[in-house]
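**Q** What follows is a predicted structure for the sequence shown.
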Amino acid sequence: MADPIKVVILCGGVGTRLREETEFRPKPMVNIGSYPILWHIMKYYSQFGCKDFVLALGYKGETIKNYFGHYELMNNDVTIELGQPERTCIHYAHDEAGWKIPLADTGEKTLKGARLKKVERYIAGDTFMMTYGDGIADVDIGKLPAFHKSHGKKATVTGINPATRFGELKIDGDRVETFSEKPPNGDGLINGGFFVFNRKILDYLTTDDLCDLEIGPLEQIAKEGQLMVYKHRGFWACMDILRDMESLNKIWNEGKA
């Protein structure tokens, strides 16, 4: 039986533009409603049957370990008999059963490429998905890997509009001709995360903490004609600044998520 497709989530950034929230916790642990944005991302993937995650931790990674380490206790009813800790009974009620989550320390100041390379040992199979720990969307996770399989290239990036603060994609049909990280005057599709990779992409990376992903490796893969774009026209948002956090919480609180 084939291994389930893994979902790598990069959770190591400092989040300096959201310093009001990230001084004491990593950005993926900033809440939308009662749950961190990381939980929302994982919950969305799980709706498509993707429950095998790899979290690449960095800045304040112990906060994420603590969250999932105590997840059963904090998200279920519990019966405790004082003086008999072995008789503690957790009454399972949440819907996250079956999530498998290696939590890998990849260094506090490590760049994205090195983070991905450092979790290579947890990635089984020839294909895996990857996204950032601060972006959420209604990308069709069923169609995304199918699209990747159909073109047979090494990498697929989800492209969204508009190009503002993020990496711009110059495309020809579905093929990415160039990948430019944060161009000053972009007007095309942008890198929305939600990648699908052939594991050959790991050959472009090193464990050197200065190994980036977008600058260098993805640019090279695009030049080789091995990067394709899955065009997403639906909802997409990231939690980059305080205004983003407030906007996402407004959507959640109004029941529009």
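**A** Ah, there it is.
**Q** Need the pLDDT of Lys223.
**A** According to the prediction, Lys223 has pLDDT 95.
**Q** if I pick it, what's in contact with it?
**A** By Cβ atoms under 8 Å, 6 or more residues apart in numbering, the residues touching Lys223 are Thr178. C-beta: built from backbone N, CA, C; applies to glycine.
**Q** Around Gly188, count how many other residues there are.
**A** Neighbour count for Gly188, taken as other Cβ atoms under 10 Å: 14.
**Q** wait, doesn't it sit right on Asp172?
**A** No - at 11.5 Å, Gly188 does not count as touching Asp172 under the criterion of Cβ atoms under 8 Å.
**Q** Just list whatever residues bridge to Lys231.
**A** For Lys231, the beta-bridge assignment (DSSP bridges) gives partners Gly159.
**Q** Which of the helices and strands in this protein ranks last by mean pLDDT?
**A** strand 168-172 (a mean of 71; mean pLDDT, DSSP states H and E).
**Q** Could you double-check that Lys100 sits in contact with Phe53?
**A** Yes - contact criterion Cβ under 8 Å: Lys100 and Phe53 qualify, at 6.8 Å.
**Q** Tell me which of these two has more neighbours.
**A** A count of neighbours by other Cβ under 10 Å puts Phe53 above the other of Lys100 and Phe53, at 22 against 11.
**Q** Pull up the gap between the more buried one and Leu10, please.
**A** Counting by Cβ to Cβ, to the nearest Å, the separation of Phe53 from Leu10 is 12 Å.
**Q** Next: Gly225.
**A** Separation of Gly225 from Leu10 (Cβ to Cβ): 25 Å.
**Q** One more: Leu227?
**A** Leu227 sits 18 Å away from Leu10, going by Cβ to Cβ.
**Q** and if you look at Asn31?
**A** Distance from Asn31 to Leu10, by Cβ to Cβ: 19 Å.
**Q** Having no further points to raise, I will conclude here.
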